[in-house]
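Peer 1: What follows is a predicted structure for the sequence shown.
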Amino acid sequence: LGIGTVGIGIAATVADIGGTTSATLSDSVLNITNATKVIGESDATIKTLAVGGAGGAGAVAGSSSTNLIDNDIRAGISNVGTDPAKDGSGEARPGVVLSQNVTTIAANNNARIDSLAGAAGYGGNAAGAAIAVNRIATTNQAYFSGGSDQRGYRVRQLTVDAGSTGSAAGQSSGQGGEANINTIAVGAAMSSGMTLAGSLAVNIMSGGNDARIDKDANVIADGSIGVFAGNHQGINVLAGAASLRGSAGVGIGVVVNDVQTDTTAGIYGSKVTAYGNDVVPGGAGMPDEGGLMVDSGTAKNASILDDQMKVGEAEQARDDLANPSDYTSPDLSSEQLRVHGLAVNANNQQHIAPMGDTVAIGAIVGVNRIGGKTEATIDGSAINLGNYGSTDISSGSGTNTASGFHGQTPNQQVDVRAGSRQFAVNW
């Protein structure tokens, strides 16, 4: 805060959070009958306030808020098998899975920035400028990988989840990850002479979410196997400039938003069987339950999103963003599907909602860019071919002959699905 013949007031904040969180299980043989969980999670939040003020015959006020979050979250199992004496490998019938183990691998990264930059100048001639720069770069990596020992892994259910909210009925495969930036940048100036007011808000989001089964993994589940990758990102920004003057005043606000993230789920070079024996009858007139719930790829609130594009929503949105606890981001959630068997699912949700206003001769300039790839893949893998044992599935020997496979079960499904929902509007 500056006061005098010539007043200068400047406020600045800088916040930086970064690091790596890793949870791994490797080079082991397990005899666990109930649940195995390998979960890496991070919650990072930055809340900043930078306000500058100045008064005098000539007044210049400025504020700057810079906030950075850069986190890597990893969770994985590699070169791990289940005890052949306990998991059904010794049974005469191929494809028998005795284990009731439910294995969950999940990497979830929640990041949030709430920032406010404000500046106010008052005097004979006055200028006020506010700058907010926010960046979130987060990654989620979840994997189940084979290894040199070629161990078999037999369970009732396996989920590999990177940032998704996909889940098994009654058994969460992860709480999901989100990244959100909520920022306000407002510059104001009042004088009897010349006034200049401006604001600049720059918001950048990047990173990735990758879930995979790879490196010649050998997995059989009596129920379901899910490989989920999910991305949920949002930018909500209010930029304003108020120039209240006697002789001349100019106000300008600039908003730049860039969201670029890849979301991939896949099975690569591995042997994976999911029999889908996890149907739970729903009772009279009710649908069956059990299995995995997955993202369908279709927005369930499309009509509501269309309404939010209308100009009339701007005033309410500005009021809500001024109090972030009241603001509700666009809902890009989808319908859910139930899958029994194998599900490989990648889903992407990204939104940008910038709002701007000026009081004076001026303008608000907004630039938005949304990008990245969303992919669900099965590549170079053997799917639902039954009991692999420790031999090459192409050798034609032992239980790995065509006639020796357990074959399909009545409820067995393979669902490979990718969906992306993006919403951007300038109010």
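Peer 2: That came through, no problem. Numbering: from 1, shown residues only.
Peer 1: looking at the protein, which helix or strand does the model trust least?
Peer 2: strand 171-172 (a mean of 38; mean pLDDT, DSSP states H and E).
Peer 1: For the residue nearest the centre of the chain, give the beta-bridge partners.
Peer 2: By CA atoms, centre = their mean, the chain has its centre lying nearest to Asn231, at 3.0 Å. Going by DSSP bridges, Asn231 is paired in beta bridges with Asn348.
Peer 1: how much space between it and Asp331?
Peer 2: 15 Å (CB to CB, to the nearest Å). (C-beta placed from N, C-alpha, C; glycine too.)
Peer 1: what do you get for Lys373?
Peer 2: Lys373 is 23 Å from Asp331, by CB to CB.
Peer 1: Let's test this: mean pLDDT of the following helix or strand past the least confident helix or strand of the chain, rounded?
Peer 2: Counting by DSSP states H and E, the element after strand 171-172 in chain order, helix or strand, is strand 179-191. The average pLDDT within strand 179-191 is 79.
Peer 1: List the strands paired with strand 179-191, with their directions.
Peer 2: With DSSP bridges as the test, strand 179-191 pairs up with strand 102-145 (parallel), strand 225-244 (parallel).
Peer 1: which of those sits most buried?
Peer 2: Ranked by mean neighbour count under mean count of other CB atoms under 10 Å, the strands paired with strand 179-191 are led by strand 225-244, which reaches a mean of 27.
Peer 1: In terms of helices and strands, where is Arg212?
Peer 2: Per DSSP H and E: strand 194-214 holds Arg212.
Peer 1: Measure how far that strand is from the centre of its chain, please.
Peer 2: Chain-centre distance of strand 194-214: 14 Å, with CA atoms, centre = their mean, to the nearest Å.
Peer 1: now that strand against strand 225-244, angle please.
Peer 2: Relative orientation of strand 194-214 and strand 225-244, computed by axes from the mean of the first three to the mean of the last three CA atoms, to 10 degrees: 180 degrees.
Peer 1: Just the CA trace of strand 194-214, in PDB.
Peer 2: The C-alpha coordinates for strand 194-214 follow below in PDB (Å, rounded to 0.1, in the frame of the first residue of the first chain):
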ATOM      1  CA  MET A 194      -6.200  10.000 -16.600                       C
ATOM      2  CA  THR A 195      -6.900   6.400 -15.400                       C
ATOM      3  CA  LEU A 196      -5.600   3.100 -16.700                       C
ATOM      4  CA  ALA A 197      -6.700  -0.300 -15.400                       C
ATOM      5  CA  GLY A 198      -5.800  -3.700 -16.600                       C
ATOM      6  CA  SER A 199      -5.700  -7.400 -15.600                       C
ATOM      7  CA  LEU A 200      -4.000 -10.500 -17.000                       C
ATOM      8  CA  ALA A 201      -4.800 -14.100 -16.100                       C
ATOM      9  CA  VAL A 202      -2.700 -17.000 -17.600                       C
ATOM     10  CA  ASN A 203      -3.700 -20.500 -16.700                       C
ATOM     11  CA  ILE A 204      -1.900 -23.600 -17.900                       C
ATOM     12  CA  MET A 205      -2.800 -27.300 -17.200                       C
ATOM     13  CA  SER A 206      -0.800 -30.200 -18.500                       C
ATOM     14  CA  GLY A 207       0.300 -33.700 -17.600                       C
ATOM     15  CA  GLY A 208      -1.100 -37.200 -18.200                       C
ATOM     16  CA  ASN A 209      -3.000 -40.200 -16.900                       C
ATOM     17  CA  ASP A 210      -1.800 -43.700 -18.000                       C
ATOM     18  CA  ALA A 211      -3.100 -47.100 -16.800                       C
ATOM     19  CA  ARG A 212      -1.700 -50.300 -18.200                       C
ATOM     20  CA  ILE A 213      -1.100 -54.000 -18.100                       C
ATOM     21  CA  ASP A 214       2.100 -54.700 -19.900                       C
END
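Peer 1: averaging pLDDT over each of the strands paired with strand 179-191, which comes out lowest?
Peer 2: strand 225-244 (a mean of 84).
Peer 1: Can I get the helix or strand following that one in PDB? Just the C-alpha atoms.
Peer 2: Next along the chain after strand 225-244, taking DSSP H and E as the criterion, comes strand 248-268. C-alpha atoms of strand 248-268 as PDB (Å, rounded to 0.1, in the frame of the first residue of the first chain):
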ATOM      1  CA  ALA A 248     -10.200   9.800 -19.700                       C
ATOM      2  CA  GLY A 249     -10.100   6.200 -18.700                       C
ATOM      3  CA  VAL A 250      -9.200   2.900 -20.300                       C
ATOM      4  CA  GLY A 251      -9.600  -0.600 -19.000                       C
ATOM      5  CA  ILE A 252      -8.500  -3.900 -20.500                       C
ATOM      6  CA  GLY A 253      -8.500  -7.500 -19.400                       C
ATOM      7  CA  VAL A 254      -6.700 -10.400 -21.000                       C
ATOM      8  CA  VAL A 255      -7.300 -14.100 -20.200                       C
ATOM      9  CA  VAL A 256      -5.200 -17.000 -21.700                       C
ATOM     10  CA  ASN A 257      -6.100 -20.600 -20.900                       C
ATOM     11  CA  ASP A 258      -4.300 -23.700 -22.200                       C
ATOM     12  CA  VAL A 259      -5.300 -27.300 -21.200                       C
ATOM     13  CA  GLN A 260      -3.300 -30.100 -22.800                       C
ATOM     14  CA  THR A 261      -3.400 -33.600 -21.300                       C
ATOM     15  CA  ASP A 262      -3.100 -37.200 -22.600                       C
ATOM     16  CA  THR A 263      -5.300 -40.000 -21.100                       C
ATOM     17  CA  THR A 264      -4.500 -43.600 -22.100                       C
ATOM     18  CA  ALA A 265      -5.600 -47.000 -20.900                       C
ATOM     19  CA  GLY A 266      -4.200 -50.100 -22.400                       C
ATOM     20  CA  ILE A 267      -3.100 -53.800 -22.400                       C
ATOM     21  CA  TYR A 268       0.200 -54.300 -24.200                       C
END
